[in-house]
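In: The following block contains a protein sequence and its predicted model.
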Amino acid sequence: MSLQAQIAEYEKQKNATAPKDVLNVMALATNDLMATGISSDALQLGDYAPDFSLPNVHGELVTLAEMLAHGPVVLNFYRGGWCPYCNYELRAFEEVLERIEDLGAQLVAVSPETPDNSLTTKDKNELSYAVLSDVGNNVTNDYGLVFSLDERLRPIYDQSGVDLPAFNGDNTFNLPMPATYVINQSGQIVYAFVSEDYTKRSEPSEVVKILTTLDN
């Protein structure tokens, strides 16, 4: 089943069970964020990806330039392991990981979660690729992806047990827009998916398709 089909099935279940007032607030917040057009400020196709060094779940620094020395990089920004859409996406990329690596590329996922919470996300989803912590969203900001969670959503998150300050180790309520980039060995972005709508995600098969066109 495609990632989009999995998300559609989850959306169907959510819409059937979640309180209507909560769904309405979520929809309004998403529509308002989309109306700002902030995704146009994010890095896009043809841009060069800023280098970074971020800790993985074991505290070891992972550097983009070092990864690119070995081949293309698939760089995925996700909100956190508390987000069901992110978990579907992370697992869907795990399913195509072997194909990505066969094409000479590396896959890495980035969120603002602390390393300990990133480890929980990695273990829960049984991920075998690198999961990095961008506490404070510094790298995410370099890629133009940061937004502040709508204040109308914060009590809803709290009631659902999603304590963002605890997950992220700060009190900003800043999150990344969902984004997936394919970066060639020259550091140029050859595929870009960015959306203000957190329910929209890149289809992993499209990423694999892009990788097949690259000369490593």
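Out: Everything's here; your move.
In: List phi and psi for Arg91.
Out: phi -70, psi -40 (degrees, to the nearest 10).
In: Report the contact partners of it.
Out: Asn125, Glu126, Leu127 (C-beta atoms under 8 Å, 6 or more residues apart in numbering). For glycine as for every other residue, the C-beta is placed from the backbone atoms N, C-alpha and C.
In: ok, the residues you listed vs Met26, which is closest?
Out: Nearest to Met26, judged by C-beta to C-beta, of the contacts of Arg91 is Asn125 at 23.1 Å.
In: Rounded mean pLDDT for the helix or strand where Ala16 lies, please.
Out: Per DSSP states H and E: Ala16 is located in helix 3-17. Helix 3-17 comes out with an average pLDDT of 96.
In: Spatially nearest residue to the spatially most central residue of the chain (excluding sequence neighbours)?
Out: Nearest to the mean C-alpha position of the chain, counting by C-alpha atoms, centre = their mean, stands Tyr78 at 2.0 Å. In space, and not counting its chain neighbours, Tyr78 is closest to Cys86: 4.1 Å by C-beta to C-beta, 6 or more residues apart in numbering.
In: isn't there a helix covering that neighbour?
Out: Yes - assigned with DSSP: H, G, I helix; E, B strand; the rest coil, Cys86 falls within a helix.
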